[in-house]
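Enquirer: structure for the following, please:
(one chain, ligands or ions: 1)
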Amino acid sequence: MTQERYLLAGVMGWPVMHSRSPALHNYWLAKHGLKGSYVPLAIKPPGLEAAVRALPALGFSGCNVTIPHKQAVIGIVDSLTPAAKRIGAVNCIVVNADGSLDGGNNDGFGFIESMREAKPDWRADAGPIVVLGAGGGARAVVDSLIEKGARELRLFNRTYDHAKTLAQDFGGAVKAYSWEARHDGLERAAMLVNATSQGMVGRPALDIRLAKLPTTALVADIIYIPRETALLAAARRRGNRTVNGLGMLLHQARPAFHAWFGIMPEVTPELRAMIEATL
Ligand SMILES: NC(=O)c1ccc[n+]([C@@H]2O[C@H](COP(=O)([O-])OP(=O)(O)OC[C@H]3O[C@@H](n4cnc5c(N)ncnc54)[C@H](OP(=O)(O)O)[C@@H]3O)[C@@H](O)[C@H]2O)c1
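Expert: From the prediction side, this is the model:
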């Protein structure tokens, strides 16, 4: 089949060269025999609006958005998906046929898919879930867990006010606790999620005592560099099943590729190994 035009998408960020998204999307473009490119777009904050608005004229199908632009883009696109509205951040822009721009957020989708990949019988309503953190990543995780039916979500964050705001925004199932209470807060939990930046390469390990966490609990870290954080290593040693953040990264890209290019791609072992080799 001949293509009408060369397909284009990319990721806007500053800095952006560290992003794994070009490797991911270019793998899928090649795999599906599509002529096109996904490029890193190094955009400084003052140039963001002009860059986003140029997407339709340049023939882009859309782009991903990463640090530090995820919030600023909200005020630039023409419409937001319900998830982007609830989370308060955009990680994916889709250019519509009429040139208008939709802002979406697929991080929560990626998180849920990666849980299901790691544990096919995983359910959000299996028991209390502990989430650590109240930043952008935590908001996507909490949003997706509530959407999937989580009934009790215990939220711990270093800055209590941030946890309280998140709990107010998401309501009912989410209760905010002080950071000091996190060790005891693990009691009877079916799942623990680290959505803080502690444990990321170059940062100190997350400071938490796992003694009260049931060994049946699933322990997830949304960090993917390193592949196994100190939290995941400690959890694995005491018998908990663990999941790192790579699956979330890989799976959030699938609906974006689908929205831009009309094909829902797969996360294959080959793709995972290719990205893992770059971490
Ligand atoms: N796998 C994926 O696809 C994916 C997607 C998104 C994010 N992530 C990862 O998730 C992590 C968080 O990202 P983000 O965008 O949510 O960042 P963010 O918005 O900056 O939030 C950072 C969070 O970490 C907490 N924190 C920072 N320093 C801390 C410390 N010393 N002790 C305890 N808590 C601390 C912050 O608490 P305060 O509120 O007190 O500042 C906040 O809750 C990063 O490592 C990022 O790479 C992964």
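
Enquirer: what's whatever residue of the stretch 101-250 of the chain ends up closest to the ligand sitting at in phi/psi?
Expert: Nearest to the ligand in the stretch 101-250 of the chain, going by Cβ to the nearest ligand atom, is residue 135, at a distance of 2.0 Å. C-beta here means a position set from N, CA and C on the backbone, and glycine is covered the same way. For residue 135, the backbone dihedrals (degrees, to the nearest 10) come out as phi -90, psi -160.

Enquirer: how about it, nearest residue that isn't a chain neighbour?
Expert: Nearest non-adjacent residue to residue 135, counting by Cβ to Cβ, 6 or more residues apart in numbering: residue 195, 7.0 Å away.

Enquirer: the one you found and residue 238: what is the separation?
Expert: According to Cβ to Cβ, to the nearest Å, residue 195 and residue 238 sit 21 Å apart.

Enquirer: check residue 120 too.
Expert: Shown here: residue 120 relative to residue 238, a distance of 23 Å by Cβ to Cβ.

Enquirer: out of these two, which sits in the more crowded spot?
Expert: When neighbours are counted by other Cβ atoms under 10 Å, residue 238 comes out ahead of the other of residue 120 and residue 238, with 11 against 7.

Enquirer: hmm, the residue of the stretch 101-250 of the chain closest to the ligand is touching residue 197, no?
Expert: Yes. With the criterion set as Cβ atoms under 8 Å, residue 135 and residue 197 qualify as a contacting pair; they are 7.4 Å apart.

Enquirer: for the protein, which spans come out with low pLDDT?
Expert: Counting by pLDDT under 70, the chain contains low-confidence residues at 1.

Enquirer: nearest residue to the middle of it?
Expert: Compute the mean C-alpha point of the chain, and by Cα atoms, centre = their mean the closest residue is residue 107, 3.1 Å away.

Enquirer: what sits against that one?
Expert: Shown here is residue 107, whose contacts under the criterion Cβ atoms under 8 Å, 6 or more residues apart in numbering are 87, 91, 136, 137, 140, 141, 144, 248, 252.
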